[in-house]
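Student: Provided below for reference: sequence and predicted model.
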Amino acid sequence: MKIDILKRFLKLEKGIPSQDTFERAFRYIKPKQFEKCFLKLIKDIAKIKKQIIPIDGKALRGANDFGESPIYVVSAWAKESGIVLANKKVKNKSNEITAIPEILEMLEILDIEGCIITIDAMGCQKKIVKEIVEKKADYVISLKGNQGATKEEVEDFYKGCLELGFGDIKYDYYETIEKSHGRIERRKYYITEYLDYIHLRDKWVNLKSIGMVHSIVERNGKRTEEKRYHIASIEADAKQYAEAVRGHWSIENSFNWVMDVVFKEDKSRIRKDNSAENMAVIRRIAMNIVKTSNKLTGSIRGRLKQLSWDTELAVSILFDDAETV
């Protein structure tokens, strides 16, 4: 139905290619080529000065045969702009750590000076922290078991401070309360630049502060609590700390959710050779284009519908010189 539009850009001497032809193309095109296209697009549209940039992995759950582990794609997400900045495929979740340095290298084409990079505990590595600082960015990174000694020291420090009081130790505090559908969540954010308690503090490049988030959730008469800990290169500003921590969750709520619900990524069975990785890149290119276009309005789903209904509009967005094509 769109063949007349497509003939502006493709010869199509034998009509529309079959599904098998598309499948072969996506299987054998080298992902590096799509990566170059993606990075060129980002360089053209990204304006990420002093934003929060979460880095996290997402499973392509349908992109595997029975008994195989799903492919993971690690992405960097610009919270305020709402676009994907870089992505890299890894074999499984345990390999996310190998992709993070490559993601940081990709971000070099952008000016990330002053941005705050947030990563979960998987990326809590001294080498990764060093690379972030070398790019003149800041970091807020989760602490868990993979950094046992530092995590225990931070945990013990805050446990003692909460039980005995902070005394002369300077710290900053911020609190939020959210109520929704009978669920009340109270979050308490503590952050301090007092690092004397951390024996390995000199091993973490530009470490300035340690923080704790204490979440208290009440729902249907039940109360649950959780404490999470972070190392950071930012100053002891609890509100900024809270924005960074909450900002990291945006990659799950605003990006991964869109990929699965709008683009149906989790249900996609595309999996042979390079096809899953190539299609993952195309989905992210599509999302970035519709998200940043000032010719479209409404939700991502609504914007995609506008493009499917009005092909000329789609052409005008994809090509600056569409009228002369």
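Tutor: Looks like it came in fine.
Student: who's in contact with the helix or strand containing S215?
Tutor: Secondary-structure assignment from DSSP states H and E places S215 in strand 209-219. Applying Cβ atoms under 8 Å, 6 or more residues apart in numbering, the contact partners of strand 209-219 are 140, 154, 157-158, 182-193, 195, 198, 223-236, 238, 241-242, 245. All C-beta spots, glycine's among them, are computed from the backbone N, C-alpha and C.
Student: In its sheet, which strands sit next to it, and in what direction?
Tutor: Sheet pairing for strand 209-219, assigned by DSSP bridges, gives strand 183-192 (antiparallel), strand 222-232 (antiparallel).
Student: Show me what counts as buried in the longest one.
Tutor: The one in question is strand 222-232. R228, Y229, H230, I231, A232 (16 or more other Cβ atoms under 10 Å).
Student: Kindly report the same for the first one.
Tutor: By neighbour count with 16+ other Cβ under 10 Å, strand 183-192 contains the buried residues R187, K188, Y189, Y190, I191, T192.
Student: Please state the offset of the strand holding S215 from the chain centre?
Tutor: Relative to the chain's own centre, strand 209-219 is displaced by 21 Å; criterion: Cα atoms, centre = their mean, to the nearest Å.
Student: same thing with stretch 267-276?
Tutor: Distance, centroid of stretch 267-276 to centroid of chain: 21 Å (Cα atoms, centre = their mean).
Student: Start and end of it, how far apart?
Tutor: 12 Å (Cα to Cα, to the nearest Å).
Student: re the thing from before, now the buried residues of strand 183-192 in a markdown table, with pLDDT and distance to S254?
Tutor: Formatted as a markdown table, the buried residues of strand 183-192 follow (pLDDT from 0 to 100; distance: Cβ to Cβ, whole Å):
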| residue | pLDDT | distance to S254 |
| --- | --- | --- |
| R187 | 96 | 19 |
| K188 | 97 | 24 |
| Y189 | 98 | 21 |
| Y190 | 98 | 26 |
| I191 | 98 | 24 |
| T192 | 97 | 30 |
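Student: Could you dump those into CSV and include distance to G148?
Tutor: Formatted as CSV, these follow (distance: Cβ to Cβ, whole Å):
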residue, distance to G148
R187, 25
K188, 24
Y189, 24
Y190, 21
I191, 22
T192, 21
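Student: How far off centre is the lowest-mean-pLDDT helix or strand in the chain?
Tutor: Here the helix or strand of the chain ranked lowest by mean pLDDT, DSSP states H and E is helix 31-45, holding a mean of 81. Here helix 31-45 is found 17 Å from its chain centre; the criterion is Cα atoms, centre = their mean.
Student: ditto for stretch 72-82
Tutor: For stretch 72-82, the distance to the chain centre is 3 Å (Cα atoms, centre = their mean).
Student: Only the buried residues of that stretch, if you could.
Tutor: In stretch 72-82, counting by 16+ other Cβ under 10 Å, buried: Y72, V73, V74, S75, A76, W77, A78, K79, S81, G82.
Student: tell me the least confident of the residues you listed?
Tutor: Lowest pLDDT within the buried residues of stretch 72-82 is found at Y72 (85).
Student: Quick check: bridge partners of that residue?
Tutor: Here Y72, judged by DSSP bridges, has bridge partners A59, V90.
Student: Tell me which residues touch it, please.
Tutor: G57, K58, A59, L60, K89, V90, K91, N92, K93, N95, E96.
Student: switch to 7 Å and redo it
Tutor: The neighbourhood of Y72, defined by Cβ atoms under 7 Å, 6 or more residues apart in numbering, consists of G57, K58, A59, V90, N92, K93, E96.
Student: Next: T224.
Tutor: T224 touches V217, counting by Cβ under 7 Å, 6+ apart.
Student: that older thread, closest one of the buried residues of strand 183-192 to R269?
Tutor: R269 lies nearest to R187 out of the buried residues of strand 183-192, by Cβ to Cβ, at 39.1 Å.
Student: Please tell me I have it right and that closest one contacts T176.
Tutor: Yes - using Cβ atoms under 7 Å, R187 is in contact with T176, at 4.9 Å.
Student: How many residues are close by K267?
Tutor: 9 (other Cβ atoms under 10 Å).
Student: Need the phi and psi values for it.
Tutor: As for K267, its main-chain torsions (degrees, to the nearest 10) stand at phi -90, psi -10.
Student: what's the closest of the strands paired with strand 209-219 to I42?
Tutor: strand 222-232 (26.0 Å).
Student: What separation is there between K58 and Y158?
Tutor: Distance, K58 to Y158, using Cβ to Cβ, to the nearest Å: 31 Å.
Student: again with L207
Tutor: Counting by Cβ to Cβ, the gap from L207 to Y158 is 16 Å.
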